[in-house]
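Novice: Here is my input; please provide its structure:
(chains A and B)
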Amino acid sequence: MVGVEDTQIAVIGSGPAGCYLTQSLLRALPNAQITVFDRLASPFGLIRYGIATDHQHTKAITRQFDRMFADPRVRFAGNVRIGEDIGLEDIQKNFDKVVLATGLTSDRKLSLPGDSLPGVYGAGEITRILNSHPGAPKTLPEFGKRTVIIGGGNVAIDLLRFLVKDEHGFEASDITDQVLEAYLANPVQHITLAQRSQPANSKADAQMLKELATLNRATYSTQNKLEATEDFDRAQAARVNAFAAMVQEDREITGGPDVELAFGHVPLRVLGETKVEGVEFAIGDDVVVIEADSVITAIGFNAMAEELADLTASPSESGRIAEGLYRTGWARRGPQGAIPENRACAKLVADEIVQDLQSDTADSASRLGFNGLPEPVKQQSISFADWQKIDEHEKATAPDGRVRMKVSDHLEMVTIAGKQN
Amino acid sequence: MKFTVLYGTESGNSELIAEDVGDALRENHSEVEVFDLQDFDPASITPDNFYIVVCSTHGEGDLPNTAIPFAEAFEANPPAMEGVRYAMFGLGDTFYEETYSQGSEHIDRMFTAQGAKRVGEYGRHDASSWDLGSDLALEWLPGVLDAATIKA
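Specialist: Predicted structure coming up:
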C-alpha cells in the first residue's frame, strides 16, 4: 500500500453526492487531502438549487456539510469548471483519485412528437428559476390558464405545490420575490397532474402528498378510486390515503386552481401548431386529449451535454470508470432516490477507492493536489471561507419573510466572495 | 461505567451526533464505544454498560435504514434487558407533525418491553429548527448523566 499517507483526492461536484462521498472518504482515509470542485461559486448543488424554496427543512442537511468543509483536510474549490477552466486530464495528473459527483441536471425530454413546441418546460429548469440559479433565466415562462404536469414524483409535486400556493405559502423560504409576484399576478387556473402510475405506485412520497392535502389551497379531483386495500404495503397505503385526503370535499380552502389527478395516463404526443394546445394520452385502449396552454415535464434527468456527460450517461453498479477515475450519486446510479440515498452510495464508492489504493503499486508521493494546479485556476478558485461571505451577504439582504436573498448573477457571487473572474 | 453509543441513521445526522456524544463522554470516561446499529448485535447488550441511542425517523414514522437490521435481529431473538439502563435521543422533523421523531420510539418500546429502563429526559432534535443536532445533544447529555448519577 502506497500513497495512503497523503492521498490527494479530487471530488468534482459539491452537491449531496460529492459531500457524502467526502464524508465517507474522511472516515476511511484519515490522512487523505480532499479537494471538492464546483463550477459555481456556491457549494451544495441540488440542495441549494433543486430542493424547493419552501422546503428549507430539507436544505438543513447543509449544516452537516458546513462542518465537513471546516475540516482542514477538505478544501472547497468553487468557480472552477472542469472541461473549461481546466481539463479532466490536468486534474488527474495532480490527484491520485478523481471522483465525478456531477449529478444529472438536464430535464429528460418526453421524446414524443411535439415535445419541443413552445410551451413545453422542464421541471428542473423551473426549479432553478425559482431557486435563482445563476445559469437559469430570471423570469418564469408563461404557463397560461391550463397546464399539464407530466410525471408524479417528488419533483412534480414540488412544482404543483408552487403553482397552487398563494403569497402566504412562502414564509421563511428563499424564493425570489419578483418571480413569485409575476406568477401570482397571473396564476394557472386548471392543472392536470398526469402520471403513468396508479395511485398506490405513484412515485411521490406520501409526506409530500399529505402536505398538499394540508395546504388550504386548490380543489383536487380524480376519476380513480382511492381506497387502500389489504395487499398494499405501508408506503402504498399511506400514498393512497394521502391522495384521498387531497380530493376530500370538506377541505377548507381559500382558493387556488382546480387540479385533476390523472393516473394511468401514458403521454402519446404534445398537440399544437406553433405552441402547445394540448396533450394526447393513452389510458388503456382509450385515447384522450387534455387541453393545455403549457406542459411541465417532470420525468427525470439526464447528464448535461458537456465533456463529462459521456462518462456518466448510463447507470452502473460500480463507481469505477477507469484507472483512478470514479463516479458517485446520480452520476453513477441514474436519477433515482432522494438526498439521503447518496450516503449509502458514497460508502460503496469510498470502499472501492480504499480497496484500489491498497492494491496500487504506483508511487503517488509526487501528486500535489490543489497546489499543483495552474496559477489562474488556483486564483479564481473560491474557498469555503470565500463562499461564507456570499452566504452572509445573502442572509443579511433577505427581505421580510425570507431566510435569504440569493445572488442570481454568478459574477456578482464571485465579486462578493472577493475574487475576480 | 462503560458507555455504548448506538445510532440509526438515514442521512448521517444521527451518526454525527453519536460521534460527538462519544467524544464528549471520552473526556471523562475511558470506556466509550460508538456503533452503527446495523453493526451491533442485540445479544451483546449487558447491564454493565450504559446505552445511549441516537436514532432518526424515516418515511411514515419508520426506523431509518441502518436501524432496520438491528430491529430485525432484536425481534427475532429479544434479549433479556433487566437491569439495563439507556437514554434516547430522537431525530425528526416537525414539518411532518404526525410522525415527528417516531423512528426512535420504536427502539424505545423494544427496549422497555424487554425490561430495560430509560433514564433522563427523552432528547429530541427537530430538522425544521435548523439547530445543530450535536449542540442540542451535548446540552441534553449532562442531564441524562445526572439522572443516571454518573459524573459527566
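
Novice: okay, CA-based contacts and neighbour counts for the rest of this
Specialist: Will do.

Novice: so who does the residue in the stretch 301-421 of chain A that chain B sits nearest to touch?
Specialist: Relative to chain B, the nearest point of the stretch 301-421 of chain A is A:Pro340 (4.4 Å; Cα to the nearest Cα). Residues near A:Pro340 by Cα atoms under 8 Å, 6 or more residues apart in numbering or on different chains: B:10-12.

Novice: Tabulate the residues you listed in CSV, adding columns for pLDDT and distance to A:Arg332.
Specialist: Below are those laid out as CSV (pLDDT from 0 to 100; distance: Cα to Cα, whole Å):
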residue, pLDDT, distance to A:Arg332
B:Glu10, 92, 20
B:Ser11, 90, 19
B:Gly12, 91, 20
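
Novice: Cross those residues against strands and list the overlap.
Specialist: Using DSSP state E, no member of the contacts of A:Pro340 falls in strands.

Novice: Closest one of those residues to A:Glu142?
Specialist: B:Ser11 (37.1 Å; Cα to Cα).

Novice: wait, isn't the closest one in contact with A:Arg343?
Specialist: Yes: B:Ser11 is within contact range of A:Arg343, at 6.6 Å (criterion: Cα atoms under 8 Å).

Novice: Which neighbours do these two have in common?
Specialist: Counting by Cα under 8 Å, 6+ apart, no residue touches both B:Ser11 and A:Arg343.

Novice: for the chain, which spans come out with low pLDDT?
Specialist: Defaulting to chain A. Residue ranges of chain A with pLDDT under 70: A:1-5, A:305-307, A:362-365, A:420-421.

Novice: Please refer instead to chain B.
Specialist: Along chain B, the parts satisfying pLDDT under 70 run over B:150-152.

Novice: If we use 90, what do you get?
Specialist: By pLDDT under 90, the low-scoring segments of chain B are B:1, B:59-60, B:93-101, B:127-132, B:148-152.

Novice: which residues does B:Glu121 contact?
Specialist: With Cα under 8 Å, 6+ apart, B:Glu121 has these contacts: B:87, B:140, B:143-144.

Novice: State which helix of chain A is the longest.
Specialist: What stands out as the longest helix in chain A, according to DSSP state H, is helix A:341-359.

Novice: what helices or strands is that helix leaning on?
Specialist: If contacts are counted by 3 or more Cα pairs under 8 Å, 6 or more residues apart in numbering or on different chains; DSSP states H and E, helix A:341-359 sits against helix A:16-28.

Novice: got the angle between the helix it packs on and helix A:341-359?
Specialist: Between the axes of helix A:16-28 and helix A:341-359, defined by axes from the mean of the first three to the mean of the last three Cα atoms, to 10 degrees, the angle is 50 degrees.

Novice: ok, which of the contacts of A:Pro340 also contact chain A?
Specialist: B:10-12 (Cα under 8 Å from any Cα of the partner chain).

Novice: what's the closest of those to chain A?
Specialist: Set against chain A, the nearest of these by Cα to the nearest Cα is B:Ser11 (4.4 Å).

Novice: Chain B contacts on chain A?
Specialist: Contacts of chain A with chain B, taken as Cα under 8 Å from any Cα, map to A:56-58, A:60-61, A:63-64, A:205-207, A:235, A:238, A:339-341, A:343.

Novice: give me that answer again for 10 Å
Specialist: Neighbours of chain B within chain A, by Cα under 10 Å from any Cα of the partner chain: A:20, A:23, A:55-64, A:67, A:205-208, A:210-211, A:234-235, A:238, A:338-344.

Novice: Would you mind checking those residues for buried ones?
Specialist: For the residues of chain A next to chain B, a neighbour count by 16 or more other Cα atoms under 10 Å in any protein chain shown gives the buried set as A:20, A:23, A:55-62, A:64, A:205-208, A:210-211, A:238, A:339-344.

Novice: Show me those residues that map onto helices.
Specialist: Among these, DSSP H puts A:20, A:23, A:56-59, A:62, A:64, A:206-208, A:210-211, A:238, A:341-344 in helices.

Novice: Spatially central, which residue of chain B would that be?
Specialist: Most central in chain B under Cα atoms, centre = their mean is B:Val53, positioned 1.1 Å from the mean C-alpha point.

Novice: residues contacting that one?
Specialist: Applying Cα atoms under 10 Å, 6 or more residues apart in numbering or on different chains, we find B:Val53 in contact with B:4-8, B:14, B:18, B:34-37, B:86-90, B:104, B:107-108, B:123.

Novice: Can you select the buried ones from those residues in PyMOL?
Specialist: In PyMOL, this line selects whichever of those come out buried by 16+ other Cα under 10 Å:
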select buried, chain B and resi 4+5+6+7+8+14+18+34+35+36+37+86+87+88+89+90+104+107+108+123
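
Novice: Could you tell me which of the contacts of B:Val53 belong to strands?
Specialist: Per DSSP E, strands hold the following members of the contacts of B:Val53: B:4-8, B:34-36, B:86-90, B:123.

Novice: what comes up buried for stretch A:104-123?
Specialist: For stretch A:104-123, by 16+ other Cα under 10 Å, it's A:104-110, A:114-115, A:117-123.

Novice: swap that for stretch B:127-145, sorry
Specialist: Across stretch B:127-145, burial judged by 16+ other Cα under 10 Å covers B:127-128, B:130, B:132-134, B:136-137, B:140-145.

Novice: ditto for stretch A:288-302
Specialist: A:289-302.

Novice: Secondary structure element holding the closest residue in space to A:Leu311 that isn't next to it in sequence?
Specialist: The shortest distance from A:Leu311 to any non-neighbouring residue, by Cα to Cα, 6 or more residues apart in numbering or on different chains, is to A:Ile321 (7.4 Å). Using DSSP states H and E, A:Ile321 sits in strand A:320-322.

Novice: how about that strand: buried residues?
Specialist: For strand A:320-322, a neighbour-count test (16+ other Cα under 10 Å) marks A:Arg320 as buried.

Novice: contacts for that strand?
Specialist: Here strand A:320-322 makes contact (Cα under 10 Å, 6+ apart) with A:98-100, A:311-312, A:326-328, A:332, A:349, A:352-353, A:356.

Novice: ok, that strand: who's next to it in the sheet?
Specialist: Using DSSP bridges, the strands paired with strand A:320-322 are strand A:325-327 (antiparallel).

Novice: Contacts for the strand it pairs with next, please.
Specialist: If you take Cα under 10 Å, 6+ apart as the criterion, strand A:325-327 is touched by A:10-12, A:17-18, A:21, A:92, A:96-103, A:311-312, A:316, A:318-321, A:332-333, A:345-346, A:349-350, A:352-353.

Novice: And stretch B:28-36, by the same measure?
Specialist: Under the criterion Cα under 10 Å, 6+ apart, residues B:1-9, B:14-15, B:18-26, B:40, B:49-54, B:66-67, B:70, B:151-152 lie in contact with stretch B:28-36.
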